[in-house]
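J.: got a predicted model here, sequence first, then my questions.
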Amino acid sequence: MHSTLSKKGHVTIPKLIRDVLGLQPGCKIKFAINEASELILQKANSVSAISPNKTAIQSSHEDRFEQARGRADVQWRTQNLMRLLRGEY
(Lines give C-alpha, C1' and ligand atoms only; values in the text may rest on other atoms or scores of the structure.)
Protein backbone atom coordinates (compact mmCIF):
# COMPACT_ATOMS: atom_id res chain seq x y z
CA MET A 1 0.00 0.00 0.00
CA HIS A 2 1.18 3.50 -0.79
CA SER A 3 0.30 6.97 0.42
CA THR A 4 1.66 10.41 -0.44
CA LEU A 5 3.12 12.92 2.00
CA SER A 6 1.48 16.36 1.68
CA LYS A 7 3.30 19.70 1.84
CA LYS A 8 2.25 19.99 5.49
CA GLY A 9 3.61 16.54 6.34
CA HIS A 10 0.19 14.86 6.41
CA VAL A 11 -0.35 11.34 5.14
CA THR A 12 -3.54 9.28 4.73
CA ILE A 13 -3.47 5.91 6.48
CA PRO A 14 -5.03 3.33 4.12
CA LYS A 15 -8.50 2.11 5.12
CA LEU A 16 -7.42 -1.53 5.55
CA ILE A 17 -4.79 -0.49 8.11
CA ARG A 18 -7.26 1.84 9.90
CA ASP A 19 -9.77 -1.03 10.07
CA VAL A 20 -7.24 -3.59 11.32
CA LEU A 21 -5.96 -1.25 14.05
CA GLY A 22 -9.45 0.02 14.89
CA LEU A 23 -8.43 3.63 14.22
CA GLN A 24 -11.18 6.24 14.36
CA PRO A 25 -10.96 10.03 13.97
CA GLY A 26 -9.30 11.46 17.08
CA CYS A 27 -7.41 8.26 17.98
CA LYS A 28 -3.88 8.68 19.32
CA ILE A 29 -1.21 6.94 17.24
CA LYS A 30 2.34 5.91 18.19
CA PHE A 31 5.16 5.95 15.63
CA ALA A 32 8.47 4.14 16.11
CA ILE A 33 11.43 3.13 13.95
CA ASN A 34 12.97 -0.33 14.42
CA GLU A 35 16.59 -1.42 13.87
CA ALA A 36 15.93 -2.01 10.16
CA SER A 37 14.70 1.61 9.76
CA GLU A 38 11.12 0.39 9.29
CA LEU A 39 8.20 2.41 10.57
CA ILE A 40 6.06 0.85 13.28
CA LEU A 41 2.54 2.30 13.52
CA GLN A 42 0.49 1.43 16.57
CA LYS A 43 -2.70 2.62 18.23
CA ALA A 44 -1.47 4.53 21.31
CA ASN A 45 -3.39 2.41 23.83
CA SER A 46 -2.41 -0.82 22.05
CA VAL A 47 -0.24 -3.30 23.94
CA SER A 48 1.78 -4.80 21.08
CA ALA A 49 3.00 -3.55 17.72
CA ILE A 50 1.85 -5.08 14.43
CA SER A 51 4.74 -6.99 12.91
CA PRO A 52 5.65 -5.79 9.40
CA ASN A 53 5.89 -9.46 8.36
CA LYS A 54 2.27 -10.26 9.27
CA THR A 55 -0.39 -10.04 6.59
CA ALA A 56 -3.14 -7.53 7.35
CA ILE A 57 -6.51 -9.18 7.90
CA GLN A 58 -9.80 -7.37 7.48
CA SER A 59 -11.17 -6.28 10.83
CA SER A 60 -14.31 -7.99 12.07
CA HIS A 61 -15.57 -4.57 13.22
CA GLU A 62 -18.54 -3.36 11.22
CA ASP A 63 -17.97 -0.10 9.35
CA ARG A 64 -18.98 2.86 11.55
CA PHE A 65 -21.28 4.20 8.84
CA GLU A 66 -23.05 0.85 8.59
CA GLN A 67 -23.51 0.92 12.38
CA ALA A 68 -25.25 4.30 12.13
CA ARG A 69 -27.36 3.49 9.06
CA GLY A 70 -31.09 3.52 9.76
CA ARG A 71 -30.81 4.89 13.31
CA ALA A 72 -32.23 8.37 12.73
CA ASP A 73 -35.56 8.70 14.48
CA VAL A 74 -36.60 12.00 12.87
CA GLN A 75 -39.03 11.51 9.99
CA TRP A 76 -38.16 14.42 7.66
CA ARG A 77 -39.91 15.05 4.42
CA THR A 78 -37.46 16.24 1.79
CA GLN A 79 -39.27 19.56 1.28
CA ASN A 80 -39.21 20.32 5.03
CA LEU A 81 -35.53 19.47 5.32
CA MET A 82 -34.66 21.66 2.33
CA ARG A 83 -36.60 24.58 3.85
CA LEU A 84 -34.70 24.14 7.11
CA LEU A 85 -31.34 23.99 5.34
CA ARG A 86 -32.19 27.08 3.30
CA GLY A 87 -33.23 29.00 6.41
CA GLU A 88 -36.88 29.29 5.37
CA TYR A 89 -38.21 28.11 8.76
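T.: Ah, there it is.
J.: and Gln42, that one's in a helix?
T.: No. Gln42: not assigned to a helix; according to DSSP: H, G, I helix; E, B strand; the rest coil it is strand.
J.: so what's it bridging to?
T.: Lys30 (DSSP bridges).
J.: wait, it sits on Lys30?
T.: Yes. Using C-beta atoms under 8 Å, Gln42 makes contact with Lys30 at a distance of 4.6 Å. Glycine gets a C-beta too; all of them are placed from N, C-alpha and C.
J.: those two - which one has more neighbours?
T.: Shown here are Gln42 and Lys30; by other C-beta atoms under 10 Å, Gln42 has more neighbours (16 against 12).
J.: can you pull up the most central residue in the protein?
T.: Closest residue to the average C-alpha location of the chain: Gln24 at 4.3 Å, with C-alpha atoms, centre = their mean.
J.: for this structure, what spans make up the helices?
T.: 15-21, 64-68, 78-86 (DSSP state H).
J.: could you export those helices as CSV, including distance to Glu38 and mean neighbour count?
T.: Below are the helices of the chain laid out as CSV (distance: least, C-beta to C-beta, whole Å; neighbours: other C-beta atoms under 10 Å):
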stretch, distance to Glu38, mean neighbour count
helix 15-21, 14, 15
helix 64-68, 29, 9
helix 78-86, 48, 10
